[in-house]
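J.: Sequence below, structure please.
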Amino acid sequence: MISALILRSGAKENLNMRSAFLHMLTDAFTSLGVVVLGIMWLFKPWFWLDPIFSWLIVGLILYSGWGLLKDSFQILMNATPPGINLNQIQSALESLEGVSEIHDLHVWNPSAQSIALAVHITVPDQMLGKVDDLATKVRTVLFEKFKIDHPTLQFESTGCNNGELLCCIPKNGDKNHNHG
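T.: Presented below is the predicted three-dimensional model:
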């Protein structure tokens, strides 16, 4: 139980800590249950409680492990995190002065406590140094509105697919498709 209590605070922020916390908590409940059953068996030989208790432990492990498995799978598959709406990010960024459009927008969790973003931002043709202020504004909006703390921004001056979120790569030299 002491190990579980020590790990408890980190379990809210870190997937590995949550896994260790749940493992220690399950071990503590298992040990406690074994002691209680042992004491009960001194007075009542209800040995049929052993398999019932075992299945309760299995249920507890499956219940606590399912959330870990789901969160880990989301991270490994670079899935868009729950609560992130790509259309809202697109609207927020395209509403900034100096942004013509965005495309190739991807948002994922590189870890349980971080959100990353990669996006192409189309701006009017200008000197590269002028986009530094715009990059700061974009990073501020992403962090304050969406808690995105690891953005990768690619600025370009040519539009792509009329503002669609994903660009098409030209096929066989087709010059009718722009790409970023």
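
J.: domains for this protein, by residue range?
T.: 2-76, 86-163 (automatic domain parsing).

J.: A strand includes Ser3, no?
T.: No: counting by DSSP: H, G, I helix; E, B strand; the rest coil, Ser3 is not part of a strand but helix.

J.: can you offset everything so residue one is 601?
T.: With 601 as the first residue, the last one maps to Ser603.

J.: Need the per-residue pLDDT for it.
T.: The model reports Ser603 with a pLDDT of 79.

J.: before we move on, what about Asn761?
T.: Looking at Asn761, its pLDDT stands at 61.

J.: and if you look at Asn778?
T.: So Asn778 comes in at 47 (pLDDT).

J.: ok, back up a step: deepest in the core, which of the domains of the chain is it.
T.: domain 686-763 (a mean of 15; mean count of other Cβ atoms under 10 Å). To be clear about C-beta, it is placed using only N, CA and C from the backbone, and glycine gets the same treatment.

J.: How far off centre is it?
T.: Distance of domain 686-763 from the chain centroid (Cα atoms, centre = their mean, to the nearest Å) equals 19 Å.

J.: Going by mean pLDDT, which of the domains of the chain comes out lowest?
T.: Minimum mean pLDDT among these: domain 602-676, a mean of 85.

J.: what sits against Asp705?
T.: Quick fix: residue 705 is Leu, not Asp. 686, 689-690, 717-719, 765 (Cβ atoms under 8 Å, 6 or more residues apart in numbering).

J.: Please flag which of these sit within helices.
T.: With helices taken from DSSP state H, the overlap with the contacts of Leu705 comprises 686, 689-690.

J.: which residues of the protein fall in strands?
T.: Taking DSSP state E as the test, the strands found in the chain are 701-711, 714-722, 750-756.

J.: could those strands go into a markdown table alongside distance to Ala679?
T.: Listed next are the strands of the chain as a markdown table, based on distance: least, Cβ to Cβ, whole Å:
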| stretch | distance to Ala679 |
| --- | --- |
| strand 701-711 | 7 |
| strand 714-722 | 12 |
| strand 750-756 | 16 |
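
J.: Leu656 is nearest to which of those strands?
T.: strand 701-711 (32.5 Å; Cβ to Cβ).

J.: Could you please name the strands the closest one pairs with and the direction of each pair?
T.: strand 714-722 (antiparallel) (DSSP bridges).
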